[in-house]
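>>> Sharing a model that was predicted from the sequence below.
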Amino acid sequence: MASLTSSTLLSSFSAPSSSPCACTSSRSTSKGMINAAIHPPAFPKVQSSSSKKLHFQELINTRNGYMAPVQQLLDLTDDMSVVISEPCRSSDAAAGSVSEQMYSLLEVVADRVEMHGNIGKQRENWNNLLLNSINMMTLTATTVAGLGVAVGGGAPLGLKLSSTLLFTAATGMLLVMNKIQPSQLAEEQRNAVRLFKQLESEMRSRLALRAPTQEDVEEVMERILALDRASPLPLLGAMLEKFPKKFEPASWWPKANPDKVSARRSNRQVNHFPSRRGNNGWSEELEVEMRAIVDVLKRKDEKDYLRLGNIALKANKVLAVAGPVLTGLAAVSSIFTAGSSAAAAAAAMVAVTAGSLAAAVNSLEHSGQVGMVVEIYRNCAGFFRLLEESIESTLEERDVESRENGELFEKKVAMKLGRSLSQLRDLARKSIYSGIKGTEIDEFGSKLF
């Protein structure tokens, strides 16, 4: 029995010669027993695969909840490896993330509205304060120069010197004011407030009607950046040119990428529509009507505001140059007013006349806010250019199901032009008739401005 037990133990713990197990045994022939002492080796402690995966998962979680996809295996031991893959997000989590982005952008837009509103008020104050200060300095210097003529040779030198210094300071301040055009800057900020409020309203409506997509987020970001470029806040470097060589309409919307648009259209199937509005509200008659409206806007409204804008821009250039020239002439003339000679009297008269004219020119330019008028014409021309591009891009979409509903689109165009649907259709018929007859249409597209 003892021999059987020892044989069983030896067979169960026996190992080949290459095995690291060390077994010692001793035989006692006298007692007919075999005493065996078995010492198993101390194996190194190896962590299980699951524990290592948990350990690496903790390392991943410490990186702010995000880790880039890993494209290769990470070898831990000779026989174990862990593959780290990109975490999968559920559709609900993705939708929630897009909504969070939209709400974050909504906060940015609301902040832009407040920012442009505050800066617009500040620049309006600049226009009033600078104009009042320059006119007071100019009129004071003119009065002092006139007193020098009245007193004659007995006028103190300090009185004449003060007139020269006031005219010189007024010239420098007027150059800066005419360069930045505070009234035009204030109008830029007012227009930016209106456009950002419009974008904010559209975003709230979109969030209320349906769940936003990633394309919506990208579109809103592009519109925000386009508005920032159209109405920059800094005055140095980023300020829009106030006296451009060519008058152009304002542009505050992102330009469509032609490659993306053509690729999107080529992947869509063309859906032809019947003669009646049974396909997303569109028909051939409605397309003809929209093209006729675009023709009216280009030939009448946009062209007229470009003409008026060029006139206002030229007038602003003349006034912006005339003001500093007159104050500078008055400053130079006031230098030669010392003495009682006829030349001194003539110089004093020139200084008084030039100073008075400078005050009148400055008041006409900045109290009349000619720069603001230029900006209004730019914005009006830009409004018609945007409406034209919106209609043309909609008509270029071959898949009518991908367009905005035709009836709703027609109503939007009518409201933007201040017309009813019947008035809009009458305008389209007049445009088509004038095109056939080769005559000029006698009506503008917009009834608002």
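Done, it's in. Predicted model only: the values in this text are computed from it and were never measured.

>>> mind listing the helices in the stretch 201-350 of the chain by residue range?
214-230, 258-266, 284-296, 303-335, 342-362 (DSSP state H, counting those that start in this stretch).

>>> CA-only coordinates of stretch 344-364 in PDB, if you can.
Extracted C-alpha coordinates of stretch 344-364, given in PDB (Å, rounded to 0.1, in the frame of the first residue of the first chain):
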ATOM      1  CA  ALA A 344      -0.300 140.100 -41.000                       C
ATOM      2  CA  ALA A 345      -3.800 141.400 -41.400                       C
ATOM      3  CA  ALA A 346      -4.300 139.300 -44.600                       C
ATOM      4  CA  ALA A 347      -2.900 136.200 -42.900                       C
ATOM      5  CA  ALA A 348      -5.300 136.700 -40.000                       C
ATOM      6  CA  MET A 349      -8.200 137.000 -42.400                       C
ATOM      7  CA  VAL A 350      -7.200 133.800 -44.100                       C
ATOM      8  CA  ALA A 351      -7.000 132.000 -40.700                       C
ATOM      9  CA  VAL A 352     -10.400 133.200 -39.700                       C
ATOM     10  CA  THR A 353     -12.000 132.300 -43.000                       C
ATOM     11  CA  ALA A 354     -10.300 128.900 -43.200                       C
ATOM     12  CA  GLY A 355     -11.200 128.100 -39.500                       C
ATOM     13  CA  SER A 356     -14.900 129.000 -40.100                       C
ATOM     14  CA  LEU A 357     -15.100 126.900 -43.200                       C
ATOM     15  CA  ALA A 358     -13.400 124.000 -41.500                       C
ATOM     16  CA  ALA A 359     -16.000 124.000 -38.700                       C
ATOM     17  CA  ALA A 360     -18.700 124.000 -41.300                       C
ATOM     18  CA  VAL A 361     -17.200 121.100 -43.300                       C
ATOM     19  CA  ASN A 362     -16.600 119.000 -40.200                       C
ATOM     20  CA  SER A 363     -20.100 119.500 -39.000                       C
ATOM     21  CA  LEU A 364     -21.500 118.500 -42.400                       C
END
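
>>> Show me where the stretch 51-200 of the chain has its strands.
74-75, 81-82 (DSSP state E, counting those that start in this stretch).

>>> Least confident of those, on average?
Mean pLDDT is lowest for strand 74-75 among the strands of the stretch 51-200 of the chain, at a mean of 40.

>>> Determine the longest helix present in this protein.
helix 91-151 (DSSP state H).

>>> could you check the angle helix 342-362 makes with that helix?
150 degrees (axes from the mean of the first three to the mean of the last three CA atoms, to 10 degrees).

>>> quick one, helix 91-151 and helix 303-335 angle?
Relative orientation of helix 91-151 and helix 303-335, computed by the same axes, to 10 degrees: 40 degrees.

>>> packing partners for helix 91-151?
Counting contacts by 3 or more CB pairs under 8 Å, 6 or more residues apart in numbering; DSSP states H and E, helix 91-151 packs against helix 157-180, helix 182-209, helix 214-230, helix 303-335, helix 342-362. To be clear about C-beta, it is placed using only N, CA and C from the backbone, and glycine gets the same treatment.

>>> rerun that using 10 Å as the cut-off
helix 157-180, helix 182-209, helix 214-230, helix 303-335, helix 342-362, helix 370-396 (3 or more CB pairs under 10 Å, 6 or more residues apart in numbering; DSSP states H and E).

>>> Off-centre distance for it?
On the basis of CA atoms, centre = their mean, to the nearest Å, helix 91-151 sits 18 Å off its chain's mean C-alpha point.

>>> What's the mean pLDDT across that helix?
Rounded mean pLDDT across helix 91-151 is 88.

>>> re the thing from before, adding distance to Arg398, mean pLDDT and mean neighbour count, write the helices of the stretch 201-350 of the chain out as JSON lines.
Shown next, in JSON lines, are the helices of the stretch 201-350 of the chain (distance: least, CB to CB, whole Å; pLDDT from 0 to 100; neighbours: other CB atoms under 10 Å):
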{"stretch": "helix 214-230", "distance to Arg398": "19", "mean pLDDT": "94", "mean neighbour count": "15"}
{"stretch": "helix 258-266", "distance to Arg398": "6", "mean pLDDT": "52", "mean neighbour count": "10"}
{"stretch": "helix 284-296", "distance to Arg398": "12", "mean pLDDT": "94", "mean neighbour count": "18"}
{"stretch": "helix 303-335", "distance to Arg398": "30", "mean pLDDT": "94", "mean neighbour count": "20"}
{"stretch": "helix 342-362", "distance to Arg398": "57", "mean pLDDT": "89", "mean neighbour count": "20"}
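
>>> Determine which of the helices and strands packed on helix 91-151 approaches Lys416 most closely.
helix 370-396 (6.1 Å; CB to CB).

>>> between the helix or strand following the closest one and helix 284-296, how big is the angle?
With elements assigned by DSSP states H and E, the helix or strand that comes after helix 370-396 is helix 406-416. Compare the direction of helix 406-416 with that of helix 284-296 by the same axes, to 10 degrees and you get 30 degrees.

>>> could I get helix 406-416 in PDB with only the CA atoms?
Extracted as PDB, the C-alpha positions of helix 406-416 are listed here (Å, rounded to 0.1, in the frame of the first residue of the first chain):
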ATOM      1  CA  GLY A 406     -41.200  76.000 -52.600                       C
ATOM      2  CA  GLU A 407     -44.300  77.700 -51.200                       C
ATOM      3  CA  LEU A 408     -42.400  78.500 -48.000                       C
ATOM      4  CA  PHE A 409     -39.500  79.800 -50.000                       C
ATOM      5  CA  GLU A 410     -41.700  82.100 -52.100                       C
ATOM      6  CA  LYS A 411     -43.300  83.500 -48.900                       C
ATOM      7  CA  LYS A 412     -39.900  84.300 -47.400                       C
ATOM      8  CA  VAL A 413     -38.800  86.100 -50.600                       C
ATOM      9  CA  ALA A 414     -42.000  88.100 -50.600                       C
ATOM     10  CA  MET A 415     -41.700  89.100 -47.000                       C
ATOM     11  CA  LYS A 416     -38.000  90.100 -47.400                       C
END
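
>>> and the next helix or strand after that helix, what does it pack onto?
For helix 406-416, the following helix or strand on the C-terminal side (DSSP H and E) is helix 421-437. Applying 3+ CB pairs under 10 Å, 6+ apart, we find helix 421-437 packed against helix 284-296, helix 406-416.

>>> and helix 421-437, which residues are buried?
Going by neighbour count (16 or more other CB atoms under 10 Å), the buried part of helix 421-437 is 424-425, 427-428, 431-432, 434.

>>> What residue, apart from its backbone neighbours, is nearest Tyr377 spatially?
Spatial nearest neighbour of Tyr377, chain neighbours left out: Gly309 (3.5 Å); criterion: CB to CB, 6 or more residues apart in numbering.

>>> Report the contact partners of the one you found.
If a contact means CB atoms under 10 Å, 6 or more residues apart in numbering, then Gly309 has 247-250, 373-381 as its contacts.

>>> from the residues you listed, which would you call buried?
Buried among the contacts of Gly309 by 16+ other CB under 10 Å: 247, 249-250, 373-381.
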